[in-house]
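Trainee: Structure of the sequence below:
(chains A, B, C and D)
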There are 2 protein chains.
Amino acid sequence: MSSSTTSFVSPATPLVVRSRSLVLRSTVDQLSIKIACSNCNMRELCMPIGLNADELRRVDGLVTRRPFVKRGTALFRTGDPFTSLYAIRSGFFKTCVGTEDGRGQVTGFQMAGEILGLDGIAADVHSCDAIALEDTEVCALPFDRIEEISREVQALQHHVHKLMSREIVREHGVMLLLGNMRAEERLAAFLLNLLQRLQLRGFSSSDLVLRMTREEIGSYLGLTLETVSRTFSKFAEDGVITVNQRHVHIENAAALKLLVNHEQCR
Amino acid sequence: MSSSTTSFVSPATPLVVRSRSLVLRSTVDQLSIKIACSNCNMRELCMPIGLNADELRRVDGLVTRRPFVKRGTALFRTGDPFTSLYAIRSGFFKTCVGTEDGRGQVTGFQMAGEILGLDGIAADVHSCDAIALEDTEVCALPFDRIEEISREVQALQHHVHKLMSREIVREHGVMLLLGNMRAEERLAAFLLNLLQRLQLRGFSSSDLVLRMTREEIGSYLGLTLETVSRTFSKFAEDGVITVNQRHVHIENAAALKLLVNHEQCR
DNA sequence: CGACACCTTGAAGAGGTTCAAGAAATGTGG
DNA sequence: CCACATTTCTTGAACCTCTTCAAGGTGTCG
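Mentor: The predicted model follows:
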């Protein structure tokens, strides 16, 4: 979390990633059709399904910008004025709430197809930081336009409601984890959750690359980085997983599930 | 948490509280004007402000039922089909997510003017239990009608979005608490939060009556009931509060705030 | 008034933290 | 491309907070 960058979403192309972004920009310019949600392969994840042609056209107009966010920098930070939701096109983010004094709490990890920024609606100001864990690309969806189109396209309206409710339910799960589970159960639940979401995106259900550090995992799970590391080692000793730095191979998913379900409350 | 009652929201009058509900029902019948949101003294809390006459009329039509929920019984339970949001007219609720095996986690305490049921939108099924901590009265707001009117009344639309976002932000705070704070900080934060919400409703900012047991507080805060009890005792020893069963008098709010802010992360 | 739920307090124990040191990986500048 | 600095990860040992287990006290409601 070295980045003390102020909240800056590159409006077009950050100079630092010149070569790569130039390639991408030209793609955008030449094949502007491909920008549309209707052509996006993440569509099923962040947009409602079953729209007719007219509705699709309206929704397509939602995306105004496609900022790249470099690894370690913020898409938005606590206190930034809220204007848009962001759909992640590629890459991983973390969101964290913090207190000025110390470090804060990671409240979630988000991947391609997921939505960032729902926290900002409450007070027209963001109440958490969204930090890219790797070089990422997002779609900016101005919220006033979302509301406008939601009033016309019922499917979009309901979709937004579901997105927000899903986030509430997800956080219920994290509260259960933080309030009731022990270290092994927490890490098992974390791994299974990641795997499940990656599988939904067509990735292997037995291999994963952690985009976050042990410290970030620990913050999310309410543990120290040492405990996370030790628990990884224990899982490896038990033959449940194989760990090679950030590469994790699942040897025995059933064992992980058993751990989570056995979650004996206090 | 003795109640093993199935999810049943008394459609009119639960027999067991005959006398009281008869009184209230007759009130409803005779003074039906008073049912409208426009005449409800909780309006500022659960409804948007600044509606014109026409909009107000439409919103007034939202409330279909006004079920009473007796202490210890459920307004809804995990798995119940989702149909409505509920605005609390009077009384306290808790929401909890559970695993079949053991007990679960209290995810929040809700008081008059607050909204229950947002969890159900995600999957058209409720994903937590809402249990009355005392005899309560709620307003049922069918969600399809909310969506319908939201498409016409922009203020309502935005209000619903804010409600959901606020819940997301609130849960961020709980995650911070569960992930980073020690017992004293948790309980201090809990008390301050209750006080603040009660003050908003015109109650004293130095006295409160806990509607929940030590066990429920503990579940919410990720602690055992013993630790909650001990921490109350410690606060009392330190002269920060005076505890008499469920009556808590705040002697030194500043000390509580100091505790929460000093929250030294791990 | 008795049964039951709720609360308090004590003592022992465990799980996780803290502190510390070294190893491995990653990034940077010459 | 290599050497050095930095970040990240692992592992050990001591400690501490909170849990667990237990018993007794207090309040409440039929």
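
Trainee: what does chain A put close to DNA strand C?
Mentor: By Cβ under 7 Å from any atom of the strand, the part of chain A that sits against DNA strand C consists of A:182-184, A:222-224, A:226-227, A:230, A:245-246. Every residue, glycine included, has its C-beta placed from N, CA and C.

Trainee: How about the longest helix anywhere in chain A and DNA strand D, touching?
Mentor: Criterion DSSP state H: the longest helix present in chain A is helix A:154-180. No: Helix A:154-180 does not reach DNA strand D (Cβ under 7 Å from any atom of the strand); its nearest approach is 8.7 Å.

Trainee: between that helix and helix B:154-180, how big is the angle?
Mentor: With axes from the mean of the first three to the mean of the last three Cα atoms, to 10 degrees defining the directions, helix A:154-180 sits at 20 degrees from helix B:154-180.

Trainee: which of the residues in helix A:154-180 are buried?
Mentor: For helix A:154-180, a neighbour-count test (16 or more other Cβ atoms under 10 Å in any protein chain shown) marks A:155-161, A:163-172, A:174-180 as buried.

Trainee: pLDDT on it, on average?
Mentor: When pLDDT is averaged along helix A:154-180, the result is 97.

Trainee: wait, does that helix contact chain B?
Mentor: Yes: Helix A:154-180 is in contact with chain B by Cβ under 8 Å from any Cβ of the partner chain, via A:154, A:157-158, A:160-162, A:164-169, A:171-176, A:178-180.

Trainee: Mind jotting down where the helices sit in chain A?
Mentor: With DSSP H as the criterion, chain A has helices spanning A:18-30, A:43-46, A:53-60, A:143-150, A:154-180, A:183-200, A:214-221, A:225-237, A:253-262.

Trainee: Tell me the buried residues in stretch A:110-129?
Mentor: By neighbour count on 16+ other Cβ under 10 Å, the buried set for stretch A:110-129 is A:110-122, A:126-129.

Trainee: An error on my part: the question was meant for stretch A:89-96.
Mentor: Applying 16+ other Cβ under 10 Å to stretch A:89-96 flags A:89, A:91-96 as buried.

Trainee: returning to that earlier point: quick one: which of the helices of chain A is nearest B:Glu137?
Mentor: helix A:154-180 (24.1 Å; Cβ to Cβ).

Trainee: What are the phi and psi values at the closest residue to A:Arg197 other than its chain neighbours?
Mentor: Nearest non-adjacent residue to A:Arg197, counting by Cβ to Cβ, 6 or more residues apart in numbering or on different chains: A:Met111, 6.2 Å away. Dihedral angles of A:Met111 (phi, psi; degrees, to the nearest 10) stand at phi -130, psi 180.

Trainee: if I look at the residue nearest to A:Asp238 when sequence neighbours are not counted, how far off is A:Ala188?
Mentor: Distances taken as Cβ to Cβ, 6+ apart place A:Ala255 nearest to A:Asp238, at 7.4 Å, with adjacent residues excluded. Applying Cβ to Cβ, to the nearest Å, one obtains 8 Å for the distance of A:Ala255 from A:Ala188.

Trainee: The two: which has the busier surroundings?
Mentor: Neighbours were counted for A:Ala255 and for A:Ala188 using other Cβ atoms under 10 Å in any protein chain shown; A:Ala188 has more, 25 against 15.

Trainee: Just checking, which helix or strand of chain A averages the lowest pLDDT?
Mentor: Counting by mean pLDDT, DSSP states H and E, the weakest-scoring helix or strand in chain A turns out to be helix A:18-30, with a mean of 39.

Trainee: number of nearby residues for A:Arg197?
Mentor: 18.

Trainee: picking up where we left off before, of the helices of chain A, which is nearest A:Thr136?
Mentor: Between the helices of chain A, helix A:18-30 lies closest to A:Thr136; by Cβ to Cβ that is 12.0 Å.

Trainee: Quick one: name the residues of chain A near DNA strand D.
Mentor: A:2, A:210, A:213-215, A:225-226, A:228-230, A:232-233, A:243, A:245-246, A:266.

Trainee: ok, of the residues you listed, which come out buried?
Mentor: Applying 16+ other Cβ under 10 Å to the residues of chain A next to DNA strand D flags A:210, A:214-215, A:228-230, A:232 as buried.

Trainee: These: which two are farthest apart?
Mentor: That would be A:Leu210 and A:Arg230, which, of these, are the farthest apart (Cβ to Cβ) at 15.9 Å.

Trainee: Tell me the buried residues in stretch A:239-253?
Mentor: Those would be A:240-241, A:248, A:250, A:253, for stretch A:239-253 by 16+ other Cβ under 10 Å.

Trainee: As JSON lines, these with pLDDT would be great.
Mentor: Shown next, in JSON lines, are those (pLDDT from 0 to 100):
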{"residue": "A:Val240", "pLDDT": "96"}
{"residue": "A:Ile241", "pLDDT": "96"}
{"residue": "A:Val248", "pLDDT": "96"}
{"residue": "A:Ile250", "pLDDT": "96"}
{"residue": "A:Ala253", "pLDDT": "95"}
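
Trainee: So which of those residues are in strands?
Mentor: Counting by DSSP state E, the part of these found in strands is A:241, A:248, A:250.

Trainee: Out of those, flag the one nearest to DNA strand D.
Mentor: A:Val248 (9.6 Å; Cβ to the nearest atom of the strand).

Trainee: so what's the closest one up against?
Mentor: A:191, A:207-210, A:232, A:241-242 (Cβ atoms under 8 Å, 6 or more residues apart in numbering or on different chains).

Trainee: Please tell me how far A:Leu194 sits from A:Ala87.
Mentor: A:Leu194 sits 19 Å away from A:Ala87, going by Cβ to Cβ.

Trainee: Burial check on the residue lying closest to A:Thr83 once chain neighbours are set aside, number of neighbours?
Mentor: In space, and not counting its chain neighbours, A:Thr83 is closest to A:Pro142: 6.1 Å by Cβ to Cβ, 6+ apart. Residues lying near A:Pro142 (other Cβ under 10 Å) number 15.

Trainee: Dig out what A:Pro142 forms beta bridges with.
Mentor: Bridge pairing for A:Pro142 (DSSP bridges) gives the partners A:Ser84.

Trainee: My guess is it contacts A:Phe82. True?
Mentor: No: contact between A:Pro142 and A:Phe82 fails when scored by Cβ atoms under 8 Å: they sit 10.4 Å apart.

Trainee: Centroid-nearest residue for chain A?
Mentor: When Cα atoms, centre = their mean is applied to chain A, the residue found nearest the centroid is A:Gln110 (0.9 Å).

Trainee: Please list the residues outside stretch A:163-172 that contact it.
Mentor: A:107-108, A:115, A:118, B:97, B:105, B:107, B:118-123, B:127-128, B:161, B:164-165, B:167-168, B:171-172, B:174-175.

Trainee: do stretch A:144-155 as well
Mentor: Contacts of stretch A:144-155 (Cβ under 8 Å, 6+ apart): A:48-51, A:55, A:58-59, A:61-62, A:64, A:83, A:85, A:156-157, A:160, B:147, B:150-152, B:154, B:157-158, B:161.

Trainee: Counting neighbours, show which residues of stretch A:180-198 come out buried.
Mentor: A:180-181, A:183-195, A:197-198.
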